[in-house]
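Novice: just coords:
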């Protein structure tokens, strides 16, 4: 069984903890906002849709604080990560700009493949969900994007995340096979 270290990163108050709790079946999804202090690590098993035989996957989900004062901790958080998920609130204009910084710090600096990255536009309860395209920078526009609305379509969010996990597991599996072949030859 594969073990995937998944980082949830992004601006403050974007919904990272709510999504982490929901996807890991950890706790109720509502409640008042409490900023994450440093990082929370949630471990759970999930279906990895689209991977070889739709394998189960052990997920180590790192729910990271959106506070830039913790920037010195980021190298330790990034170490051995399998994937990075940038979560943002599309109704907050500054988030659209800030996710570019998160991208450069966590994705482009690590050389992760696009299949190991995901954007989640998390819509808070009661906010309007626009079907139009988001004004994302071109490099962000190439990443897969999930619109998350836990009030109206919670199972769609969970299914899309499992499908994303499948692509991460497939990438990890292919990488492991290439590594094994290089040792053999």
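Specialist: In hand now; what should we look at? Just so it is clear, the structure is predicted and the values come from calculations on it, not from any experiment.
Novice: off-centre distance for the helix of greatest length in the chain?
Specialist: Longest helix of the chain, by residue count under DSSP state H: helix 154-184. How far helix 154-184 lies from its chain's middle: 14 Å, per CA atoms, centre = their mean, to the nearest Å.
Novice: I'd like to know the average pLDDT value across it.
Specialist: When pLDDT is averaged along helix 154-184, the result is 87.
Novice: who are the packing partners of it?
Specialist: Applying 3 or more CB pairs under 8 Å, 6 or more residues apart in numbering; DSSP states H and E, one finds that helix 154-184 contacts strand 2-9, helix 16-23, strand 39-47, strand 56-64, strand 83-88, strand 145-148. To be clear about C-beta, it is placed using only N, CA and C from the backbone, and glycine gets the same treatment.
Novice: how does it look with 10 Å?
Specialist: Under the contact criterion of 3 or more CB pairs under 10 Å, 6 or more residues apart in numbering; DSSP states H and E, helix 154-184 touches strand 2-9, helix 16-23, strand 39-47, strand 56-64, strand 83-88, strand 117-122, strand 145-148.
Novice: tell me the angle it makes with strand 39-47.
Specialist: Orientation check (axes from the mean of the first three to the mean of the last three CA atoms, to 10 degrees): helix 154-184 against strand 39-47 gives 90 degrees.
Novice: about what we covered before: buried deepest among the helices and strands packed on helix 154-184, which one?
Specialist: strand 83-88 (a mean of 27; mean count of other CB atoms under 10 Å).
Novice: what's the first helix or strand after it?
Specialist: Using DSSP states H and E, the next helix or strand after strand 83-88 towards the C-terminus is helix 93-103.
Novice: per-residue confidence at residue 35?
Specialist: Looking at residue 35, its pLDDT is 85.
Novice: look at it and say how many residues are nearby.
Specialist: 10 (other CB atoms under 10 Å).
Novice: right, and residue 37 touches residue 67 too?
Specialist: Yes - counting by CB atoms under 10 Å, residue 37 does reach residue 67; the two are 8.6 Å apart.
Novice: buried residues of the longest helix of the chain, list them for me.
Specialist: Neighbour-count burial for helix 154-184 flags 157-158, 160-172 (criterion: 16 or more other CB atoms under 10 Å).
Novice: can I get the helices and strands packed on helix 154-184 in a markdown table including distance to residue 180?
Specialist: As requested, the helices and strands packed on helix 154-184 are exported to a markdown table (distance: least, CB to CB, whole Å):
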| stretch | distance to residue 180 |
| --- | --- |
| strand 2-9 | 15 |
| helix 16-23 | 31 |
| strand 39-47 | 25 |
| strand 56-64 | 19 |
| strand 83-88 | 21 |
| strand 117-122 | 25 |
| strand 145-148 | 32 |
